[in-house]
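In: Here is a sequence with its predicted model. Questions after.
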Amino acid sequence: MNRMNPITRSTWQYTRTSHIATGYDDYFADLPLFRFDTEVLDDVLTPPGRVIDLGCGTGRHVVPLVRRGFEVVGIDLSPFMLDVAREKLDREGLEAHLVTGSITDLSRFDDGAFRYALCMFSTMGLIRGADNREAFLHEVRRLLEVGGLFVFHVHNRFHKLYERGGRRWLLGTYLLHPFHKLEIGDIVGEYRGIPEMYLHTFSLGEVKRLLRAVRLELEGVLPLNRKRSGALRSHCLMSWRANGFIAVARKLSD
C-alpha cells in the first residue's frame, strides 16, 4: 500500500507564504519555549561538532550554534525563512550551509555525517502519517555518527485536557479516527491564515515506541510546564500534564 504524502498541501502553502517568514521572529518574540529550548541545547550539545537543524526556519538555533563553534547545516522547506536566516548570518559575518528542502528527504546527506541532529518546535509533527514519521527517524539515525545525539520537541496531545474544547477533541481523536483519514493525535485547522493546517500531536508512549522502532536510545525527556517556560517541577503524571516534551536520544551503534 502506498504511503500518504508526508507533507500536506497546507504545509506547502505555509512555507511558500513570504509574510509568514518575514514576520516569524516578531510573531514568536514573546514565546517562552524559544528561550527555554535554546537553554536546553546549550546544555546538551557539548562539545561543538557538526549539527543538522531539521526544519531550521529563520535560523534561531543556527546562528547561536555557529557562534559557539559548531559546523551547522540547516534544512527547511521555506526559501523565505532561509533568506531571513542568511541575513542574520551575514550581519554577524557567520557561515552555515542552508538547504531548501523537505526534512522527509535527507538522501543528499551521507551516513554518519553529523554528531548532532535537531528537530525543534514540533516540526516532526508536520510530517503526516505514522509510517512517514518512522521513516524520518530512520533517516535521522542514519545521519548520526555512533554516539551522536538527536534532540527534538513535540506537542503532548493530552495537554488538550486543559484547553477549551480540548476534552471533546481528545475524545474524538480516539473514537472517530477509524471513520476518517486522520490518525490519533492529528489536528487540522486554520493557522496564521492558512486553512486546514496539519499538525500531529504525540503521547509520550508514542515517542518512546518510535525511538525503539528505529533503535535510538532515549536518554532523557524534559516535560514542559503549562507556559512552556521550563520543565515541570514534578514529573508526577507528566505524560498527562506536560504541555509538550523535549527529548534527547542517542545512536549507540551502527
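Out: On my side now, so go ahead.
In: which other residues reach the helix or strand encompassing residue 33?
Out: Assigned by DSSP states H and E, residue 33 falls within helix 32-44. Residues from elsewhere that reach helix 32-44, judged by CB atoms under 8 Å, 6 or more residues apart in numbering: 28, 60-61, 64-65, 68, 118, 120-121, 149, 151, 153, 222, 224, 227-230, 244, 246, 248. To be clear about C-beta, it is placed using only N, CA and C from the backbone, and glycine gets the same treatment.
In: Buried by neighbour count: which residues of stretch 100-107 qualify?
Out: Of all the residues in stretch 100-107, those buried under the rule 16 or more other CB atoms under 10 Å are 102-104, 106.
In: Check stretch 189-200 too.
Out: 194, 197-200.
In: ranges for the helices of the stretch 1-150 of the chain?
Out: 9-15, 18-22, 24-27, 32-44, 62-67, 79-92, 130-143 (DSSP state H, counting those that start in this stretch).
In: how about these in a markdown table, adding distance to residue 190, mean neighbour count and mean pLDDT?
Out: Below are these laid out as a markdown table (distance: least, CB to CB, whole Å; neighbours: other CB atoms under 10 Å; pLDDT from 0 to 100):
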| stretch | distance to residue 190 | mean neighbour count | mean pLDDT |
| --- | --- | --- | --- |
| helix 9-15 | 9 | 18 | 97 |
| helix 18-22 | 13 | 16 | 97 |
| helix 24-27 | 15 | 13 | 98 |
| helix 32-44 | 21 | 16 | 98 |
| helix 62-67 | 29 | 20 | 98 |
| helix 79-92 | 20 | 17 | 98 |
| helix 130-143 | 23 | 19 | 98 |
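In: quick one: which of those helices is nearest residue 211?
Out: Distance to residue 211, taken as CB to CB, is lowest for helix 130-143 among the helices of the stretch 1-150 of the chain, at 7.2 Å.
In: follow-up on the earlier one: right, so of the helices of the stretch 1-150 of the chain, which gets closest to residue 205?
Out: Nearest to residue 205, of the helices of the stretch 1-150 of the chain and by CB to CB, is helix 130-143 at 13.1 Å.
In: Now do the closest one: everything it contacts.
Out: 3-4, 6, 52, 54, 103-104, 106-107, 109-114, 117, 119, 124, 127, 150, 183, 200, 210-211, 213-216, 251.
In: and those, which of them are in strands?
Out: Those of the contacts of helix 130-143 mapping onto strands are 52, 54, 114, 117, 119, 150, 200, per DSSP state E.
In: Among those, which one sits closest to residue 96?
Out: residue 52 (10.5 Å).
In: Look at that closest one and say how many residues are nearby.
Out: Neighbours of residue 52 under the rule other CB atoms under 10 Å: 26.
In: That one contacts residue 109, correct?
Out: Yes. At 7.0 Å, residue 52 counts as touching residue 109 under the criterion of CB atoms under 8 Å.
In: between those two, what contacts are shared?
Out: 73, 143.
In: give the contact list for residue 111.
Out: Residue 111 is in contact with 142-143, counting by CB under 8 Å, 6+ apart.
In: from the middle of its chain, how far away would stretch 8-23 be?
Out: Distance of stretch 8-23 from the chain centroid (CA atoms, centre = their mean, to the nearest Å) equals 16 Å.
In: Out of the helices of the stretch 1-150 of the chain, which is closest to residue 170?
Out: The closest of the helices of the stretch 1-150 of the chain to residue 170 is helix 130-143. By CB to CB, the value is 18.2 Å.
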